[in-house]
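Trainee: sequence first, predicted coordinates after that:
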2 protein chains.
Amino acid sequence: MPRAVVLLSGGLDSATTLAIARADGYECHALSVDYGQRHRAELKAAARVAALLGAASYRELPLPIGAFGGSALTDPSIDVPEHGGDGIPVTYVPARNTILLSVALGLAEVLDADAIVIGVNAVDYSGYPDCRPEFIDAFQQLAEVATKQGVEGRSVHIEAPLIGMTKAEIVRRGTELGVDYSVTVSCYRADDEGRACGRCDACRLRSEGFRAAGIDDPTRYLRE
Amino acid sequence: MPRAVVLLSGGLDSATTLAIARADGYECHALSVDYGQRHRAELKAAARVAALLGAASYRELPLPIGAFGGSALTDPSIDVPEHGGDGIPVTYVPARNTILLSVALGLAEVLDADAIVIGVNAVDYSGYPDCRPEFIDAFQQLAEVATKQGVEGRSVHIEAPLIGMTKAEIVRRGTELGVDYSVTVSCYRADDEGRACGRCDACRLRSEGFRAAGIDDPTRYLRE
């Protein structure tokens, strides 16, 4: 059985990614990174999602890059805006996906995994540079020269199954695969129970996804 | 004044790298990563080296990838061998330099730095894949697509000033620049005071470097 490291945040996209990797026949080792994000409820959700979707293992790695500052997602002195506006938004966490893939690369090498699966999405995304196909391609090139696996010609494959999908397509695919989205947390300002604000960029993209997919939105909102 | 993030382990190579970056006119922000390495004395040395060589700031980031296992440098159940032998040795830490450069990339973006400086060396090295020029080149390509800086055409430059130098050349250059090597710790099995075993690969490369440079070896050894 091929083996994959699956990056899991506890949000809608990564839960769907794990379900897809399982359906593709991988033994899935879920990895969550606690990078000091405000939305702590996401991490609690990640552990539940891993269990519900049959991950072979779940690891949570503390990695306090939030202490560097520079993002509304980790720095309490920067407000999370309700709309991102033009360009790269303040919710961008510097080099986040590079860091996530790097630690996944280390774990993949220890587990002798065949793939790393990440739920980045270049369609209904928020303008982050590290969610684009050219980023995934560049990381693949790096993996081939960076590791013992790569040097030995058994380089891990970086998979981003959601990269060309709309949010509606992601929701439909996950629903087909039995993902319980009421457990997942996408909101940048979720409370400790994982209830969503319904107003930030992440909430807006998510609710539009359910609407466009024609599927009832099971998200638990703070103001209903 | 251009600004650089300098990866600092507390060993001979990275201390020399910091001295070179300072001599090149950079305001240097030193970053050490506590990845669960056995040789804890290296980290203590890093803070002293940063202060002695005039770093503008020093940060130590906990990043417990050692918990993944897979390396003699982080896993107490694997012995550190006295000679690496052929191929990639067990002291290789999976994806270590990829992870180090990734967190440096995040810090560089927060500080709006011009360069990341890393003390990898492809000549008198230990056979690690992530110490080669093709690895540095691949990471440079990644940085250009991964970050807000890159997308805006102000991509950080990855510098590896030691990459083509022999250990003797490194020792000579650092000595010219006033590096106090008695403070640095390279040994994989150093004790808490930073005294070196004199027998592991790192000790052997280091002492041969001093001998070939014709410079007295100031290393504090356990068995003298």
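Mentor: Cool, got the structure. Residues are numbered from 1 along each chain as shown, chains lettered A, B, ... in the order given.

Trainee: let me see the ranges of the helices in chain A.
Mentor: With DSSP state H, the ranges of helices along chain A come out as A:12-23, A:41-52, A:96-111, A:133-146, A:148-151, A:167-176, A:201-213.

Trainee: do you know which of those helices lies nearest B:K148?
Mentor: Counting by Cβ to Cβ, B:K148 lies closest to helix A:96-111 out of the helices of chain A; the figure is 11.1 Å. Just so you know, the C-beta spots here come from the backbone N, C-alpha and C atoms, and that holds for glycine as well.

Trainee: contacts only, for the residue located most distally from the centre of chain A.
Mentor: For chain A, the C-alpha farthest from the mean C-alpha position belongs to A:E152; by Cα atoms, centre = their mean, that distance is 29.2 Å. Contacts were defined as Cβ atoms under 8 Å, 6 or more residues apart in numbering or on different chains; by that measure A:E152 touches no other residue.

Trainee: contacts only, for the residue nearest to A:P94 when sequence neighbours are not counted.
Mentor: Leaving aside its chain neighbours, A:P94 sits nearest to B:E109 (3.7 Å; criterion: Cβ to Cβ, 6 or more residues apart in numbering or on different chains). For B:E109, the contact set (Cβ under 8 Å, 6+ apart) comprises A:G70, A:P94, A:A95, B:T147, B:K148, B:Q149, B:V156.

Trainee: recalculate using a threshold of 10 Å.
Mentor: Under the criterion of Cβ atoms under 10 Å, 6 or more residues apart in numbering or on different chains, the contact partners of B:E109 comprise A:68, A:70-71, A:92-95, A:98, B:5, B:143, B:146-150, B:154, B:156.

Trainee: ditto for A:V103
Mentor: Contacts for A:V103 were tallied using Cβ under 10 Å, 6+ apart; they are A:5, A:7, A:31, A:33, A:59, A:61, A:63, B:63, B:65, B:68, B:94-95, B:98-99, B:102-103.

Trainee: which one (most neighbours) among these?
Mentor: Across the contacts of A:V103, neighbour numbers were computed from other Cβ atoms under 10 Å in any protein chain shown; B:A95 holds the maximum, 32 neighbours.

Trainee: ok, back up a step: can you put the helices of chain A in TSV and add mean pLDDT?
Mentor: Written out in TSV, the entries for these read as follows (pLDDT from 0 to 100):
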stretch	mean pLDDT
helix A:12-23	97
helix A:41-52	93
helix A:96-111	93
helix A:133-146	96
helix A:148-151	85
helix A:167-176	97
helix A:201-213	92
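
Trainee: A:A122: which of those helices is closest?
Mentor: Short answer: helix A:133-146, nearest of those by Cβ to Cβ, at 6.1 Å.

Trainee: ok and that closest one relative to helix B:133-146, angle-wise?
Mentor: Helix A:133-146 and helix B:133-146 meet at an angle of 160 degrees, taking axes from the mean of the first three to the mean of the last three Cα atoms, to 10 degrees as the criterion.

Trainee: any residue of helix A:133-146 up close to chain B?
Mentor: Yes - remark: helix A:133-146 sits within contact range of chain B at A:133-146, by Cβ under 10 Å from any Cβ of the partner chain.

Trainee: neighbours around A:A108, how many?
Mentor: Other residues lying near A:A108 total 29 when counted by other Cβ under 10 Å.

Trainee: now it: how far from chain B?
Mentor: Distance, A:A108 to chain B, by Cβ to the nearest Cβ, to the nearest Å: 8 Å.

Trainee: contacts only, for that residue.
Mentor: When the contact criterion is Cβ under 10 Å, 6+ apart, the partners of A:A108 are A:3-5, A:29, A:31, A:101, A:114-116, A:143, A:147, A:149, A:155-158, B:68, B:94-95.

Trainee: picking up where we left off before, show the buried residues in the contacts of B:E109.
Mentor: With neighbours counted using 16 or more other Cβ atoms under 10 Å in any protein chain shown, these contain these buried positions: A:68, A:70-71, A:92-95, A:98, B:5, B:143, B:146-150, B:156.

Trainee: nearest to B:G214, of those residues?
Mentor: If you rank those by distance to B:G214 using Cβ to Cβ, B:V5 comes first, at 33.3 Å.

Trainee: beta partners of that closest one?
Mentor: The bridge-partner assignment for B:V5, based on DSSP bridges, gives B:H29, B:I116.

Trainee: from what I can see it touches B:A143, true?
Mentor: No - at 11.8 Å, B:V5 does not count as touching B:A143 under the criterion of Cβ atoms under 10 Å.

Trainee: list the buried residues for stretch A:153-169?
Mentor: Residues of stretch A:153-169 classed as buried under the neighbour-count rule (16+ other Cβ under 10 Å) are A:155-156, A:158-163, A:165-169.

Trainee: can those residues go into a markdown table with extra columns for distance to B:R204?
Mentor: Conversion of the buried residues of stretch A:153-169 to a markdown table gives the following (distance: Cβ to Cβ, whole Å):
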| residue | distance to B:R204 |
| --- | --- |
| A:S155 | 31 |
| A:V156 | 32 |
| A:I158 | 37 |
| A:E159 | 41 |
| A:A160 | 43 |
| A:P161 | 47 |
| A:L162 | 49 |
| A:I163 | 47 |
| A:M165 | 53 |
| A:T166 | 57 |
| A:K167 | 56 |
| A:A168 | 60 |
| A:E169 | 57 |
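
Trainee: out of those, which is nearest to chain B?
Mentor: Out of the buried residues of stretch A:153-169, the one with the shortest distance to chain B is A:V156. That distance is 9.8 Å, counting by Cβ to the nearest Cβ.

Trainee: how near is the closest one to B:P94?
Mentor: From A:V156 across to B:P94, the span is 11 Å (Cβ to Cβ, to the nearest Å).

Trainee: got it, and A:V171?
Mentor: Distance check for A:V171 against B:P94: by Cβ to Cβ, it reads 35 Å.

Trainee: go on, A:R154?
Mentor: Relative to B:P94, A:R154 is positioned 13 Å away (criterion: Cβ to Cβ).

Trainee: overlap in contacts, the two.
Mentor: By Cβ under 10 Å, 6+ apart, A:R154 and B:P94 have these common neighbours: A:E109, A:T147, A:K148.

Trainee: tell me, how many residues neighbour the nearest residue to A:A19 once chain neighbours are set aside?
Mentor: In this structure, A:A19 finds its nearest non-sequential neighbour in A:L177, 4.0 Å apart by Cβ to Cβ, 6+ apart. Using other Cβ under 10 Å, A:L177 has 15 other residues around it.
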